[in-house]
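In: fold the stuff below for me.
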Amino acid sequence: MSENSKIEWTHHTFNPWWGCAKVSPGCDHCYAEALGNRFGTKWGVDTERRVFGEQHWQDPLKWNAKAATAGERHRVFCSSMADVFDKNSPPGARERIWQLMRATPHLDWLLLTKRIGNAERMLPADWGEGYRNAWLGISVVNQEEAARDIPKLLATPARIRFLSMEPLLEHVDITPWLRPGAAHENVIDWIIVGGESGPKARPMNRSWVESLREQCAAAGTAFFFKQWGEFMPVADPINAPPVMRKVGRKIAGRELDGRTYDNIPEAHP
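Out: Below you'll find the predicted structure:
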């Protein structure tokens, strides 16, 4: 699934720049910040974003040609080391993303942001109801973020909308936004759930994951379980339910009740 990316839910990862600033509890132990620091890219509101040369920007065109030859659609996670809707993005870089999206009709671009409030004013003039090959998503790690940001996502034009609930930090009820209701006509099409990894990882409760799986099943929403993170549920002969024990990300894996969940919404032709 991840020819050019180790992220399970995408084929490729493309970063128009490196650099960001923390805006959420989910950012506390940011993997991108740690990686960026190793290569001299500092995180923060006023820090300089790292930009890349022309060869880097040619990669999506190559991926598009390969997908076209294979008669397939490939997903591109845009900005794993940044945020597309960062107000401090390098001049002209975001506009160049829109150009790339228009030039790569065989790629589905996954735009994941923690700044959905900026999105509508930063989208291109020809966005309309959303580019056919653009999926718009937000990070949601707790109930407060769900209540604050999901309505903003639903109000922003997009063909497919999704939530990345990683690292999931508490039980979250998203049922009000999975089906059309009196307050909104749009819905969330895809839920990605995962625990936190890294030396300071916070455990994710099994019941939180099961609840989201059940919420998605009831609404017919695609559910993707990415990973447990550093902790996994381990059966305890004395205490019930199973306790979360730190075993490491590789051992914890991504199975839930003995199977993997790799559901993905259908892309637009």
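
In: ranges for the strands of the protein?
Out: According to DSSP state E, the chain carries its strands in the segments 12-14, 17-18, 50-51, 74-78, 107-113, 134-139, 160-165, 190-194, 222-227, 231-234, 243-246.

In: neighbours of residue 137, how many?
Out: Counted with other Cβ atoms under 10 Å, the neighbours of residue 137 add up to 23. For every residue, glycine as well, the C-beta is placed using N, CA and C.

In: for the closest residue to residue 17 other than its chain neighbours, give me its contacts.
Out: Leaving aside its sequence neighbours, residue 17 sits nearest to residue 49 (Cβ to Cβ, 6 or more residues apart in numbering; 4.5 Å). Residue 49 makes contact with 17, 18, 19, 41, 82, 86, 88, 89, 90, 93, according to Cβ atoms under 8 Å, 6 or more residues apart in numbering.

In: residue 256 now?
Out: So residue 256 contacts 209, 210, 213, 225 (Cβ under 8 Å, 6+ apart).

In: okay if I get the strands of the chain as TSV plus distance to residue 151 and mean pLDDT?
Out: Converted to TSV, the strands of the chain look like this (distance: least, Cβ to Cβ, whole Å; pLDDT from 0 to 100):
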stretch	distance to residue 151	mean pLDDT
strand 12-14	28	97
strand 17-18	29	97
strand 50-51	33	94
strand 74-78	23	97
strand 107-113	15	98
strand 134-139	11	98
strand 160-165	12	98
strand 190-194	16	98
strand 222-227	21	98
strand 231-234	31	94
strand 243-246	31	93
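
In: picking up where we left off before, what's the PyMOL line that selects buried ones from the contacts of residue 256?
Out: To isolate the buried members of these in PyMOL, using 16 or more other Cβ atoms under 10 Å:
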select buried, resi 209+213+225
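
In: next, give me the two most distant ones among the contacts of residue 256.
Out: Using Cβ to Cβ, the contacts of residue 256 span at most 10.2 Å, a distance reached by 210 and 225.

In: still on that earlier bit, wait, which of the contacts of residue 49 is closest to residue 262?
Out: residue 82 (26.1 Å).

In: from residue 203, how far off is that closest one?
Out: 28 Å (Cβ to Cβ, to the nearest Å).

In: more neighbours: the two, which one.
Out: residue 82 (24 against 19).

In: for that one, what are its contacts?
Out: Residues near residue 82 by Cβ under 8 Å, 6+ apart: 15, 16, 17, 18, 19, 20, 32, 49, 89.

In: looking at those, which are in helices?
Out: residue 32 (DSSP state H).

In: quick check: of the contacts of residue 82, which lies closest to residue 171?
Out: Set against residue 171, the nearest of the contacts of residue 82 by Cβ to Cβ is residue 32 (26.1 Å).

In: how about the residue nearest to residue 17, phi and psi?
Out: phi -80, psi 140 (degrees, to the nearest 10).

In: from residue 137, how far out is the closest residue to residue 193 other than its chain neighbours?
Out: Leaving out its chain neighbours, the residue that sits closest to residue 193 by Cβ to Cβ, 6+ apart is residue 165, at 4.8 Å. Counting by Cβ to Cβ, the gap from residue 165 to residue 137 is 10 Å.
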